[in-house]
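Student: prediction below, plus the sequence it came from.
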Amino acid sequence: MDILGLARRRRSVRRFRSDPISEEDLRYVLEAAHYSPSGANRQPWRYILVRDPGRKRRIREICEEVEKRFYERVPQWFLEFARSRGITWRKPHLTDAPVLIVVAGYRKSPHWKESVWIMIGYLLLAAEERGLATLTYTPSDTRWAKEFFGLPDGWGLETIIPIGYPEEVPSFPGRYRLEDLIYSEEWGRRGL
């Protein structure tokens, strides 16, 4: 399948089967991500693969505590949006997915955030190509991760990507029309 087909097909999944992922597929996904561009070619990302059920359970417990506090202070519109998508502070995907890819970013590197998220885009499409489902989940507070994962100075948790085979077929949330997103020469002037 071509890249546009993969992009059109890919969805965020929150329910995973427990079936293991082959090492070959996991390596393929990470290898594709490895070749993404980065500011000054610094490659300011590292992956921590978490498979241990006890460790995943502890990550889930910490994240759910963090999210409970987050959900207590968000505006009503966000709560309604989340409810319409079936999203709550509960994070079963963190224990259900066979593997969590914890992505750490080196915050002292030039353009580190942009570089890390471009890499994540590559990773998501490579996973889709292999028939694997993913979700990018960033806890609203990531300070706990430094000690939990033993991150060195300058490094921080950017996102946790549960990866596995989908238990669900998620609905398509829709997209704006491409024509409504493109301006020519300046803001507001429509056209290619």
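Tutor: Happy to help now that I have it.
Student: so which bits of the host helix or strand of residue 72 are buried?
Tutor: Here residue 72 sits within helix 53-73, counting by DSSP states H and E. By neighbour count on 16 or more other C-beta atoms under 10 Å, the buried set for helix 53-73 is 56, 59-60, 62-64, 66-67. From N, CA and C alone the C-beta is placed, and that goes for glycine too.
Student: can you name every helix or strand that the longest strand anywhere in the chain contacts?
Tutor: Ordering each strand of the chain by length in residues (DSSP state E) puts strand 155-164 first. Applying 3 or more C-beta pairs under 8 Å, 6 or more residues apart in numbering; DSSP states H and E, we find strand 155-164 packed against helix 93-96, strand 99-106, helix 112-129, strand 133-134, helix 144-149.
Student: can I assume residue 185 sits in a helix?
Tutor: No: counting by DSSP: H, G, I helix; E, B strand; the rest coil, residue 185 is not part of a helix but coil.
Student: can you tell me which residues contact the residue nearest the centre of the chain?
Tutor: Geometric centre of the chain, nearest residue: residue 136, 1.7 Å, by C-alpha atoms, centre = their mean. By C-beta atoms under 8 Å, 6 or more residues apart in numbering, the contact list for residue 136 reads 12, 120, 124, 159, 161.
Student: 6 Å instead?
Tutor: Going by C-beta atoms under 6 Å, 6 or more residues apart in numbering, residue 136 touches 159, 161.
Student: separation between the closest residue to residue 90 other than its chain neighbours and residue 175?
Tutor: Nearest residue to residue 90, sequence neighbours excluded (C-beta to C-beta, 6 or more residues apart in numbering): residue 64, at 6.2 Å. Residue 64 is 30 Å from residue 175, where distance means C-beta to C-beta, to the nearest Å.
Student: hang on, the earlier thing: any idea of the pLDDT on the residue nearest to residue 90?
Tutor: If you check residue 64, the pLDDT there is 98.
Student: now swap in residue 91 and tell me
Tutor: 97.
Student: touching, it and residue 61? I think so.
Tutor: No: Residue 91 is beyond contact range of residue 61, at 9.3 Å (criterion: C-beta atoms under 6 Å).
Student: next, give phi and psi for residue 172.
Tutor: phi -90, psi 120 (degrees, to the nearest 10).
Student: tell me the pLDDT at it?
Tutor: Confidence at residue 172, expressed as pLDDT, is 82.
Student: now do the one 10 residues further on
Tutor: The pLDDT attached to residue 182 in the predicted structure is 95.
Student: ok, the spatially closest residue to it that is not a sequence neighbour to residue 184 distance?
Tutor: Nearest residue to residue 182, sequence neighbours excluded (C-beta to C-beta, 6+ apart): residue 192, at 6.2 Å. For residue 192, the distance to residue 184 equals 7 Å [C-beta to C-beta].
Student: before we move on, back to that, any idea how far the helix holding residue 72 is from the chain center?
Tutor: 16 Å (C-alpha atoms, centre = their mean, to the nearest Å).
Student: cheers, nothing more for now.
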